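Asks: Sharing a model prediction with you, sequence too.
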Protein chains: 2
Amino acid sequence: MFPNSSLLAQRTAARTPFAFAARTHQMMPSETRALFSMAARQDIVSLAGGMPSPEALPAPALRALLDWVLAAEGPDVLQYGAAQGDLVLREQICSLMRAEGIEAVPEEVLVCVGSQQALDLVTRVLVDPGDSVVTEGPTYVTALSTFAAHQAQVVEVAMDQDGVVPQALADAFELLAAEGRPAKFFYTVPTFQNPTGRVMPPQRRHDVLEVCCRAGVPVIEDNPYGLLHFGDQPYRALCADAPDSVIHLGSFSKTLAPGLRVGWARAPRAVSSKLTLAAESAMLSHSRLTQRAVSSFLETGGWQDHLRAARGLYRDRRDAMLTELAASMPDDVTWTAPNGGFFVWLTLPEPLDARAMLPRAVEGGVAYVPGTGFYVRGGERHLRLSYSYPSVCQVREGVQRLAEVVHAESTGSGVPRLREVFPR
Amino acid sequence: MFPNSSLLAQRTAARTPFAFAARTHQMMPSETRALFSMAARQDIVSLAGGMPSPEALPAPALRALLDWVLAAEGPDVLQYGAAQGDLVLREQICSLMRAEGIEAVPEEVLVCVGSQQALDLVTRVLVDPGDSVVTEGPTYVTALSTFAAHQAQVVEVAMDQDGVVPQALADAFELLAAEGRPAKFFYTVPTFQNPTGRVMPPQRRHDVLEVCCRAGVPVIEDNPYGLLHFGDQPYRALCADAPDSVIHLGSFSKTLAPGLRVGWARAPRAVSSKLTLAAESAMLSHSRLTQRAVSSFLETGGWQDHLRAARGLYRDRRDAMLTELAASMPDDVTWTAPNGGFFVWLTLPEPLDARAMLPRAVEGGVAYVPGTGFYVRGGERHLRLSYSYPSVCQVREGVQRLAEVVHAESTGSGVPRLREVFPR
């Protein structure tokens, strides 16, 4: 069909005509993701990934609900939807957020492809290249990728056991303002943080909000784990007490199913209208089908019972991890004791290095995420353990294997004794 | 729970702390989208939207396939997926593209949230603020939104009945290079273009590729309609003859169902790896569930029969529209005769103005999209008619109503006579 094939010869010889945008120079494959393929090996107990447990994914209920939705609504649910998302689902999301004290209306809510897209769109409408963004140190690894993709300058602020340190946060804001590059926002995961599992208690929330309000810095509150609390009540969201200056991000990925890719952003109306425009140019609209699946699950799928069961399941695994850590780790290793969510944050004694140790851990049959992935710089002594995906038995086994590796590392023997214990 | 509620009072009085990024200044609500809500009125025949026909959305088949997928694969299909997309689906997409002459491998393919997200990610990895991008004039409206969101400078190049004019394209490239801002890429919908319905014949494809190769400008080939051809064979894609310098965008939104939000980009490997990183920071991963739905439809859902039926359905509506236009429009109105896809492009005689006429058309019971939406500047004499969504009867009715409005407009009576003909 093509009369002149000389183009083919030309292009083979030619250099690629593609020239990348400056923002791509900061796009790097994440350490965490690279681990996921390795962690899929049968002989490895992976404490690395932050996926929900397969037992907590309600496949039979979603199967029945999708069948019902397609039967009842037919082709309608297969059409394009509104850029802002399904109105009924946005109303349900408003009800859902009330459990954490947030009073919102559907106009303030944008349904997104997971809260990851919500964070990407928020960054897109707020951050110019070179702008400063303040985060907790450590912080969620893919938030760092998103900020890098938008060429933000990330400033990490130290945490203690109650989350970010208010005075350190105030100092960072002041320094940035003095340097003529005031913080565009403060990004925080205040409840069962990824990677530390820490939660800000009420007084700390109050203090942090006060620091942000005084400095005029808005807050991005990322909250995928808030409803997976092991205590009786959820924590009150930052957004509940400062709705005009907090954007709240939520997700059904941890509570229902990541494969549906349904999350949201709740923002003041002036911001949510910009977010909706950004979403339209980014993807036209979200899947009506997966939105209706979530919506019908919230309506008739036994949402509260499902959440209760998921909390129980993750609490058992958390218990197993903490018990096994206490039983098997050397005395100079410390870790957090999360009261919800998916993660424990472990600190090794000097001079151990979690990243350098990883190949030996994998050799010993266990995987984790080195702390360095969660910091712009540093984090060598830390590592993240997740109890969400492996069973209680696997959690115990994984922690035992890890303890052996740490013992070997500490005594400098270098060779984990696990090869005898767990022959492969 | 919150000890000090003074923050609440503070924030009410305070100015919003949110400061928007520069790119948001170019984010505007699109005329087309605004029309969609109006066009949903029962008394209006809408020839505006570019949605597929409900009759062409295989709801029963997808219902059965989703049921099967969830039964067979259970929680797995509800987990996070790979950022690049499901491997089996990427293999199937490679097979699919072979119909249009493209030889691709799965590593070159990224599965996206519709081809809209593919275009957004391509722009994200290639375009810095202020960069020049060349398009056909007119062009796809939401591509203009995406380019604006990335602060690109759009240069539109004139078309004739065979698509973009090669000499005009060469001149634009030369001028931009001389001004020190060479084109980052040429964006084209070569087959059944949105909004004109035009197709580039093989010789024009050759000439356009040659112009782009000589100027060293890569091509973004957006191809949502290529498989909805009314002739015997699909057209050979630009990408088939210059795979190293063409990024090909495809979609299942027009051929299968937009509500699944599955599209793709095929790019040279160096570009597809950047696109995958960009996708990861933009949304982590696509929905495994909707990807598996598409994949299983391609495997067992009667894809070829489905496509054949959809082509027949749209051809009948195209025939109805062209017949009715010939029968009812004034002699000085002209239009395109598409051989595939969803759209007819109509040109009014001077001094008529399609945007100014729209309220009177709506009053007369018909909606369309004014041409101005598809141009950076100009387009007043044009309008886009879509025959994809309304039935054959509605297409005829809509064109008759529109002809009445154009007659009234031409004779200067200003008042459509339709109110008597179609009382509401």
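Replies: Received the coordinates, thanks.
Asks: helix or strand for A:A158, which one?
Replies: A:A158 is part of strand A:153-160 when elements are defined by DSSP states H and E.
Asks: which residues sit against that strand?
Replies: Identification of contacts with strand A:153-160 by Cβ atoms under 8 Å, 6 or more residues apart in numbering or on different chains yields A:130-139, A:144, A:147-148, A:164-165, A:168-169, A:172, A:176, A:181, A:183, A:196, A:198, A:375-376. The C-beta positions use only the backbone N, C-alpha and C, and glycine is treated the same way.
Asks: switch the cut-off to 6 Å
Replies: A:132-137, A:147, A:164-165, A:168-169, A:172, A:376 (Cβ atoms under 6 Å, 6 or more residues apart in numbering or on different chains).
Asks: Of those residues, which ones also sit close to chain B?
Replies: Among the contacts of strand A:153-160, not one lies near chain B by Cβ under 6 Å from any Cβ of the partner chain.
Asks: Among those, find me the one that's closest to B:P54.
Replies: Nearest to B:P54 among the contacts of strand A:153-160, counting by Cβ to Cβ, is A:F147 at 42.0 Å.
Asks: Distance from the chain centre to the helix or strand where the closest one lies, please.
Replies: Here A:F147, judged by DSSP H and E, is contained in helix A:141-149. Centre-to-centre, helix A:141-149 and its host chain are 11 Å apart (Cα atoms, centre = their mean, to the nearest Å).
Asks: Ok, stretch A:108-122 next?
Replies: Worked out by Cα atoms, centre = their mean, stretch A:108-122 lies 13 Å from the chain centre.
Asks: do the same with stretch A:239-255
Replies: On Cα atoms, centre = their mean, the centre of stretch A:239-255 falls 13 Å from the chain's centre.
Asks: Kindly format the C-alpha coordinates of it as CSV.
Replies: Output in CSV follows, covering the C-alpha atoms of stretch A:239-255 (Å, rounded to 0.1, in the frame of the first residue of the first chain):
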residue,chain,number,x,y,z
CYS,A,239,-10.1,18.4,57.3
ALA,A,240,-12.9,18.3,59.9
ASP,A,241,-11.5,21.3,61.7
ALA,A,242,-10.2,23.4,58.8
PRO,A,243,-12.2,22.5,55.7
ASP,A,244,-11.2,25.7,53.9
SER,A,245,-7.5,25.0,54.1
VAL,A,246,-7.3,21.2,54.0
ILE,A,247,-7.7,19.0,50.9
HIS,A,248,-8.7,15.5,52.0
LEU,A,249,-7.8,12.4,49.9
GLY,A,250,-9.6,9.1,50.4
SER,A,251,-9.5,5.7,48.8
PHE,A,252,-11.4,2.5,48.5
SER,A,253,-8.2,0.7,47.6
LYS,A,254,-7.4,-0.5,51.2
THR,A,255,-10.9,-0.9,52.5
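Asks: what about that stretch, near chain B?
Replies: Yes - Stretch A:239-255 lies within reach of chain B by Cβ under 6 Å from any Cβ, at A:241-242, A:244-245.
Asks: who touches that stretch?
Replies: Contacts of stretch A:239-255 (Cβ under 6 Å, 6+ apart): A:52, A:101-102, A:114-115, A:118, A:122, A:209, A:218-225, A:227, A:238, A:262-268, A:294, B:2, B:7, B:11, B:17.
Asks: average model confidence for it?
Replies: Here stretch A:239-255 scores 98 as its mean pLDDT.
Asks: Could you do stretch A:343-363 as well?
Replies: 96.
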